[in-house]
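Peer 1: Curious how this folds, go ahead:
(one chain, ligands or ions: 1)
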Amino acid sequence: MITVCKKDNCAGCKICSDICPIGAITIDDDIKAYNAVIDEARCINCNLCHKLCPQNNIAKLTEPIAWYQGWSLNPKIRANSSSGGLAAEISKSFIEHGGEVLTCRFKDGTFGFEFFDNVNKLSVAAGSKYVKSDPAGIYGPLLKKLRDDKQVLMIALPCQIAAAKAYAKNHENLYTVDLICHGTPSPKVLETFLAEKGVDLAKVKELFFRDKGQFGLRSGAVPLDKFGQDAYMYAFLQAILYTENCYHCPYAGFNRVSDVTVGDSWGSELSREEQAKGISLILCQTEKGKNLLEMAEIERKDVDIEKAVAANQQLQRPSEKPKKRDFLMDRLGKGESFEKILFQIAPLRTAQNIARSVAKSILPGRSRGGGTGSVYRWSPKRP
Ligand SMILES: Cc1cc2nc3c(=O)[nH]c(=O)nc-3n(C[C@H](O)[C@H](O)[C@H](O)COP(=O)(O)OP(=O)(O)OC[C@H]3O[C@@H](n4cnc5c(N)ncnc54)[C@H](O)[C@@H]3O)c2cc1C
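Peer 2: Sure thing, here's the model as predicted:
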């Protein structure tokens, strides 16, 4: 098997399959790793895939010139967002100034990307999707818009921003916001987990991964696991679910690939009330980034950057691969039940959920409802 980048190191940005002039590249997803596989018999050796791949050629990373914590001044936008609503607020002002926004949206069971030119439609994109999204097909249309003198703001994971910048050759009309990223699982893992719970991902209308500090899957009003944190989100936060490349991600660090980086302001000293409403951490790398932040209607406060970095491992290095990750992936690959595997690797979590469900049946209304567990922050291991 000939692959575009080192075996098992593909980030799934799909720039190679998009750029290949003869369609000789397929993306193989075996849930443990993605691989961009080249059909040797058809390859014309143009080398475009190798050159543009953001895993082969690491994009320029820039040290932040300013950092803040903050939130959208619009309470509805802030409430509708996972963190402080920075992504939505920056998107809104960008469109109001005549630009378009390219970002991820959950629709028909997939996590693809869409262009937005109407602020009233932006709300469908809000919310963190804790899964690998799929940028297939975006690069050509993006470059066309940029060349047609349209300013486009892309909001995405750092590896996807790196790919778009490579494709667009850092076009001046391209503005970028990347998310601090813990790592991403293949959507097949999510699909398998939901199927086990009797939920067909393809038929789900809305899917939420988090309500502010409460992490847990919810489709509609009721959390998927009523008695504690669901197994998918538990495993996500423990970093056991990611594809192989995420554990070596070159874009997880203090120097960033984009104009502005947004994440959660873990470790904030601001009031509990503000924290409950969501506070974003904001890193600004460029003059373009400064313009984005100046245009947006946001509250900006000083942040102790050392404290913020200490509380957010992804600003120092990628997630470490836990030993139990390969065990879980092997079992999942063999078709074993997600809950059963999790019981083997995290028996305490399963026992707590069972205890809560028993308590709920004995004392209805007394046990913790809507349970999404107690993991509030990303990084259980602090430096
Ligand atoms: C997989 C993943 C891992 C993350 N890990 C961390 C972390 O370790 N530490 C931290 O501080 N923050 C992390 N974040 C970022 C955090 O969850 C919030 O998204 C961020 O703080 C922005 O919040 P917001 O309120 O401004 O916007 P949100 O309401 O979260 O909206 C975010 C924007 O990003 C886009 N988006 C959401 N999910 C994806 C996706 N999977 N792929 C591409 N685009 C997407 C949305 O379409 C929207 O435009 C992660 C986000 C994701 C998706």
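Peer 1: what does the stretch 101-250 of the chain put close to the ligand?
Peer 2: Residues of the stretch 101-250 of the chain lying close to the ligand (Cβ under 6 Å from any ligand atom) are 103-104, 111, 125-131, 133, 155-157, 179-182, 184. For glycine as for every other residue, the C-beta is placed from the backbone atoms N, C-alpha and C.
Peer 1: give me the beta-bridge partners of the one residue in the chain that gets nearest to the ligand?
Peer 2: Residue of the chain nearest the ligand, by Cβ to the nearest ligand atom: residue 263 (2.7 Å). On the basis of DSSP bridges, residue 263 is bridged to residue 281.
Peer 1: Which parts of the stretch 151-300 of the chain are helices?
Peer 2: 158-167, 187-196, 231-237, 272-277, 287-295 (DSSP state H, counting those that start in this stretch).
Peer 1: Point out the most buried one among those helices.
Peer 2: For these, the largest average neighbour count (mean count of other Cβ atoms under 10 Å) is found in helix 158-167, namely a mean of 26.
Peer 1: Counting by contacts, list what that helix packs against.
Peer 2: When contacts are defined as 3 or more Cβ pairs under 8 Å, 6 or more residues apart in numbering; DSSP states H and E, helix 158-167 sits against helix 15-19, helix 48-52, helix 139-147, strand 152-156, strand 174-179.
Peer 1: now for those, which one comes closest to residue 76?
Peer 2: Closest of those to residue 76 is strand 152-156, at 18.8 Å (criterion: Cβ to Cβ).
Peer 1: could you give the mean pLDDT of that closest one?
Peer 2: Mean per-residue pLDDT for strand 152-156: 98.
Peer 1: now the angle between strand 174-179 and it, please.
Peer 2: Angle of strand 152-156 versus strand 174-179, following axes from the mean of the first three to the mean of the last three Cα atoms, to 10 degrees, is 20 degrees.
Peer 1: Okay, now the sheet partners of strand 152-156, with direction.
Peer 2: Here, using DSSP bridges, strand 152-156 pairs with strand 100-107 (parallel), strand 174-179 (parallel).
Peer 1: Run the angle between the shortest one and helix 139-147 for me.
Peer 2: Orientation check (the same axes, to 10 degrees): strand 174-179 against helix 139-147 gives 130 degrees.
Peer 1: buried stuff in strand 174-179?
Peer 2: 174, 175, 176, 177, 178, 179 (16 or more other Cβ atoms under 10 Å).
Peer 1: How about the first one?
Peer 2: Residues of strand 100-107 classed as buried: 100, 101, 102, 103, 104, 105, 106 (neighbour count, 16+ other Cβ under 10 Å).
Peer 1: Check what pLDDT the second one gets.
Peer 2: Pointing back at residue 101 there. 98.
Peer 1: how far is stretch 235-252 from where the chain is centred?
Peer 2: Offset of stretch 235-252 from its chain centre (Cα atoms, centre = their mean, to the nearest Å): 11 Å.
Peer 1: and the longest helix for the chain?
Peer 2: Scanning the chain for the longest helix, with DSSP state H as the assignment, gives helix 347-362.
Peer 1: Can you tell me the SS state at the closest residue to residue 250 other than its chain neighbours?
Peer 2: Closest residue to residue 250 apart from its sequence neighbours, by Cβ to Cβ, 6 or more residues apart in numbering: residue 58 at 4.8 Å. The three-state label given to residue 58 by DSSP: H, G, I helix; E, B strand; the rest coil is coil.
Peer 1: Please report the number of neighbouring residues for residue 58.
Peer 2: 11 (other Cβ atoms under 10 Å).
Peer 1: cool, and the one 3 residues further on?
Peer 2: Other residues within reach of residue 61, judged by other Cβ under 10 Å, total 16.
Peer 1: That one touches residue 261, doesn't it?
Peer 2: No - Residue 61 is not in contact with residue 261 according to Cβ atoms under 8 Å; the separation is 10.8 Å.
Peer 1: can I see the domain layout of this protein?
Peer 2: What automatic domain parsing lists as the domains of the chain is 2-52, 66-185+248-315.
Peer 1: just those: most buried one?
Peer 2: With a mean of 20, the top stretch among those by mean neighbour count (mean count of other Cβ under 10 Å) is domain 66-185+248-315.
Peer 1: chain center to it: distance?
Peer 2: So, by Cα atoms, centre = their mean, the centroid of domain 66-185+248-315 is 10 Å from its chain's centroid.
Peer 1: Ends of that domain, what's the gap?
Peer 2: Terminal residues of domain 66-185+248-315 are spaced 14 Å apart (Cα to Cα, to the nearest Å).
Peer 1: Contact partners for the nearest residue to residue 256 once chain neighbours are set aside?
Peer 2: With sequence-adjacent residues excluded and distances taken as Cβ to Cβ, 6+ apart, residue 256 is closest to residue 285, at 5.3 Å. Counting by Cβ atoms under 8 Å, 6 or more residues apart in numbering, residue 285 makes contact with 62, 63, 64, 65, 256, 258, 259, 260, 261.
Peer 1: hmm, try it at 10 Å
Peer 2: 60-66, 176, 178, 255-261 (Cβ atoms under 10 Å, 6 or more residues apart in numbering).
Peer 1: The ligand contacts on the stretch 251-383 of the chain?
Peer 2: Close to the ligand, as judged by Cβ under 6 Å from any ligand atom, the stretch 251-383 of the chain has residues 262, 263, 264, 278, 280, 281, 312, 314, 378.
Peer 1: can you do 5 Å?
Peer 2: 262, 263, 264, 314, 378 (Cβ under 5 Å from any ligand atom).
Peer 1: State the distance from the closest residue to the first one other than its chain neighbours to residue 244.
Peer 2: Yep, that's residue 262 we're talking about. Closest residue to residue 262 in three dimensions, ignoring its sequence neighbours and counting by Cβ to Cβ, 6+ apart: residue 86, at 4.6 Å. Distance, residue 86 to residue 244, using Cβ to Cβ, to the nearest Å: 30 Å.
Peer 1: Cheers, nothing more for now.
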